[in-house]
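Visitor: Task: produce atomic coordinates for the following.
(one chain, ligands or ions: 1)
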Amino acid sequence: MLDLKVINGTLVIPGTGMVRAGVGCKDGKIVLIADEAVLPDAASTVDAAGKYVIPGVIDPHCHLGIYTGDFAYETEHETRAALAGGVTTVGVFMGGGESYLGQLPGVIDSINAKSSTDIFLHLAMFTPQQLDEIPQYVNDFGVLDFKFYMAGVRGVFPNVSDAHILDGLRRMGSISDKLTGCVHCEDQSIVDMGFDALACEYGESGGGDLCEWAKAGPYEAEELAVIRACYLARITGTKLYIVHMSSEPGIIAAAEHRPDNLFVETTSPYLSLTKNDPAGLMAKMLPPIKDECDREALWEGVIEDVVDSFGTDNTPLTAKIKAAEAGMLGALAGYPVIQTHLPVLLHEGVNTRGIPLETIVEKACANPAKIFELYPQKGTIAVGSDADLVVVDLDKERVVKAEEFYSFADFSLWEGRKLRGWPVVTIKGGVVAVEDNQIKVEPGIGKYLPRSI
Ligand SMILES: [Zn+2]
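Guide: Predicted coordinates for the structure are as follows:
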């Protein structure tokens, strides 16, 4: 007897394509993929007739605890938002100048107690001491990814030198080819040039808007940094993952210079919004959201396979903390976007631009799992994989209302807009976790995902 079966849907299996079959789950795993006629009885059944069944979405790029300072609180709320949006696994970036050895046990305890999705961790590397501790992060905590900021986040994180990145990537490569460097690709000095000009013009008046804010991320900053990242990946041979690509010149530079061990992520906000968006400064981000030509170049990068992976850069905060009324320079960067991640990809990608659902699934599920060494436990529909599945209704239309979402944040960039294409059932570990936006499981169903080399 199965715990759960999903019947009558069309499976989207990465690398295989569309398959008309049922899925049987037991003890949290997929145990059978077969014609419904031969699937055994199950304690519960999900009927996916007329809909698609995709692997649970992996958001490899999320921040928790940045603005409230409360990691456990944000983990509890944001992973419920994730689950309701069809995201069953989340990669969380931790940052800070201290050793992570002391805080990791507590962070992992919080995840196991509070999370509704599975979570894996990436650690930002700012100091030589942190680089020295990479073997311990790998062996004792199962962390395989380490992030480098070519440009810092003003007032939050400093940038690091290319020498520091080179040193880090070489050390990582000497441990295992499963380790991945993640890099924020903007040149610090060019970002400073853009920011200083804005500060000069707006510093006293407190004005400016989202359109002006785009100047804080000059094209040359991303383009130059991408070329440097491609070079560093090439000479070290270590896997390198460019986070949140935001511009046309960045995509073109990656297409031209990337070695095989370099991967490119963009985010669902960059694939859907422009600097003229009515969300205004609520959409302030680093790197800034840019122009329509950039958004379309990112989609072209998806089609041409320059973009490997979709993330969110979810950085939740309330409108009060965001403080858009403080103006372009005073408002904080970040937004809650994890529950709209999959709907935005389906609406903008499949339903608006005719991108095949298989392509979305490859970059939202399979590729992040492969890059971050979670495949085939995660990211696919296969016998032996975790039973994380999402039933998707490509025709379902829903108007976004932040008050119906599960983030502790109280706004959405898509507020009042109708999106077409939504997850209708989320299955996590063989359990129906969300049905029609109603969460049926308690915090703690998600677990920390240590990885091994
Ligand atoms: Zn980020």
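Visitor: Figure out the length between the terminal residues of stretch 201-221.
Guide: Taking Cα to Cα, to the nearest Å, the first and last residues of stretch 201-221 lie 20 Å apart.
Visitor: and that stretch, average pLDDT?
Guide: Averaged over stretch 201-221, pLDDT sits at 92.
Visitor: now swap in stretch 6-24 and tell me
Guide: 98.
Visitor: what does that stretch contact?
Guide: With contact meaning Cβ atoms under 8 Å, 6 or more residues apart in numbering, stretch 6-24 is reached by 2, 4-5, 25, 30-36, 39-40, 42, 45-55, 357-358, 361-362, 365-366, 379-382, 387, 389, 391, 427. (Glycine included, C-beta is placed from N, CA and C.)
Visitor: So for it, what gets flagged as buried?
Guide: For stretch 6-24, a neighbour-count test (16 or more other Cβ atoms under 10 Å) marks 6-14, 21-24 as buried.
Visitor: mind giving me CSV with those and columns for secondary structure and distance to K418?
Guide: CSV is the format used below for the buried residues of stretch 6-24 (DSSP: H, G, I helix; E, B strand; the rest coil; distance: Cβ to Cβ, whole Å):
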residue, secondary structure, distance to K418
V6, strand, 27
I7, strand, 30
N8, coil, 27
G9, coil, 24
T10, strand, 24
L11, strand, 28
V12, strand, 24
I13, strand, 30
P14, coil, 29
A21, coil, 32
G22, strand, 32
V23, strand, 31
G24, strand, 36
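Visitor: about what we covered before: in helices, which of the contacts of stretch 6-24 fall?
Guide: L357, E358, V361 (DSSP state H).
Visitor: on that earlier part again, separate out the buried members of the contacts of stretch 6-24.
Guide: Using 16+ other Cβ under 10 Å, the buried ones in the contacts of stretch 6-24 are 2, 4-5, 25, 30-33, 39, 42, 45-46, 48, 51-55, 357-358, 361-362, 365-366, 379-382, 387, 389, 391, 427.
Visitor: For the lowest-mean-pLDDT helix or strand in the chain, which helices and strands make contact with it?
Guide: Ranked by mean pLDDT, DSSP states H and E, the weakest helix or strand in the chain is helix 327-330, scoring a mean of 93. In terms of contacts (3 or more Cβ pairs under 8 Å, 6 or more residues apart in numbering; DSSP states H and E), helix 327-330 is packed against helix 188-202, helix 210-213.
Visitor: What is the three-state secondary structure of S407?
Guide: Following DSSP: H, G, I helix; E, B strand; the rest coil, S407 is assigned to coil.
Visitor: Spit out the contact partners of it.
Guide: The neighbours of S407, taking Cβ under 8 Å, 6+ apart as the test, are H77, E78, A81, P316, P336, I338, Q339.
Visitor: So which of these is surrounded by the most neighbours?
Guide: Highest neighbour count within the contacts of S407: I338, with 34 neighbours (other Cβ atoms under 10 Å).
Visitor: what's that residue in contact with, if anything?
Guide: By Cβ under 8 Å, 6+ apart, I338 lies in contact with D59, C62, E78, A81, A82, G85, V87, V90, T312, N314, P316, S407.
Visitor: TSV for these, including secondary structure, distance to A433 and pLDDT?
Guide: Output for these, formatted as TSV (DSSP: H, G, I helix; E, B strand; the rest coil; distance: Cβ to Cβ, whole Å; pLDDT from 0 to 100):
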residue	secondary structure	distance to A433	pLDDT
D59	strand	16	99
C62	strand	18	98
E78	helix	15	98
A81	helix	13	98
A82	helix	10	98
G85	coil	12	98
V87	strand	11	99
V90	strand	14	98
T312	coil	19	98
N314	strand	19	98
P316	coil	20	96
S407	coil	17	97
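Visitor: what's the residue nearest to E304 when sequence neighbours are not counted sitting at in phi/psi?
Guide: Nearest residue to E304, sequence neighbours excluded (Cβ to Cβ, 6 or more residues apart in numbering): A255, at 7.0 Å. With angles defined as degrees, to the nearest 10, A255 sits at phi -60, psi -40.
Visitor: Which is the succeeding secondary structure element to the host helix or strand of T88?
Guide: Per DSSP states H and E: T88 is located in strand 87-94. Next in sequence after strand 87-94, counting helices and strands by DSSP H and E, comes helix 104-114.
Visitor: which residues does the most centrally placed residue in the chain contact?
Guide: Among the residues of the chain, the one closest to the centroid is G311, at 2.5 Å (Cα atoms, centre = their mean). Each residue near G311 by Cβ under 8 Å, 6+ apart is listed here: D59, P60, H61, C62, G91, V243, H244, E265, T266, T267, S268, P368.
Visitor: Please apply the same query to C62.
Guide: E78, A82, V90, G91, V92, F93, G311, T312, D313, N314, I338.
Visitor: any idea how far the second one lies from K378?
Guide: What that stands for is A82. From A82 across to K378, the span is 14 Å (Cβ to Cβ, to the nearest Å).
Visitor: and if you look at the last one?
Guide: Computed as Cβ to Cβ, the I338 to K378 distance reads 17 Å.
Visitor: again with the first one
Guide: As defined by Cβ to Cβ, E78 lies at a distance of 18 Å from K378.
Visitor: same check, this time on the fourth one
Guide: The gap separating G91 from K378 is 11 Å, by Cβ to Cβ.
Visitor: Near H164, how many residues? Count them for me, please.
Guide: 18.
Visitor: go on, I108?
Guide: I108: 17 surrounding residues under other Cβ under 10 Å.
Visitor: residues in contact with it?
Guide: I108 makes contacts with F141, Y448, as judged by Cβ under 8 Å, 6+ apart.
Visitor: and it, what pLDDT?
Guide: I108 carries a pLDDT value of 98.
Visitor: same check, this time on the one 10 residues further on
Guide: Listed pLDDT for D118 reads 98.
Visitor: Go ahead and confirm it touches T88.
Guide: Yes. Using Cβ atoms under 8 Å, D118 makes contact with T88 at a distance of 6.7 Å.
Visitor: Overlap of the contact sets of those two?
Guide: Common neighbours of D118 and T88, counting by Cβ under 8 Å, 6+ apart, are K378, D388.
Visitor: More neighbours: those two, which one.
Guide: Legend: neighbour count by other Cβ under 10 Å for D118 and T88, higher for T88 (31 against 25).
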